[in-house]
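# test case, fold it:
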Amino acid sequence: MKKIATNGLPLKIQAEWTEDVYTNQDEHGNIETVDVKGWLVRINGKKYPRQLGDDGIDWTYRYTTKDRDQAIKNALQEARLT
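Numbering: from 1, shown residues only. All right, here's what the predicted structure looks like:
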């Protein structure tokens, strides 16, 4: 999908539904698995959603709405392009 931002810049938008399983291991060797399902949106190659909290980027975070257009709208708002 291609759009034009409010500032006139062209945007290339890709939205992909992902269903991934991530594993985390703590310092004691305990392993935890996390199922992640949702929309991963790329705007000009940059992944959204970007950040969860102040500790840095959490790449497991996704837009969980079933509506693809709503996920894209959320990403554009997060990128401050609308």
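# what about the strands in the protein?
Counting by DSSP state E, the chain has these strands, from start to end: 2-4, 10-25, 31-43, 46-48.
# list the strands paired with the first one, with their directions.
Translated: strand 2-4. strand 10-25 (antiparallel) (DSSP bridges).
# show residues contacting the strand it pairs with.
Identification of contacts with strand 10-25 by C-beta atoms under 8 Å, 6 or more residues apart in numbering yields 1-5, 31-45, 60, 62, 68, 71-72, 75-76, 81. All C-beta atoms are positioned from the backbone trio N, CA, C, and that covers glycine.
# quick check: which ranges of this protein have low pLDDT?
Where the chain drops to pLDDT under 70, the residues are 51-59.
# count of residues packed around the closest residue to Pro49 other than its chain neighbours?
Distance criterion C-beta to C-beta, 6 or more residues apart in numbering; nearest residue to Pro49, sequence neighbours excluded, is Tyr61 at 5.0 Å. If you count neighbours by other C-beta atoms under 10 Å, Tyr61 ends up with 17.
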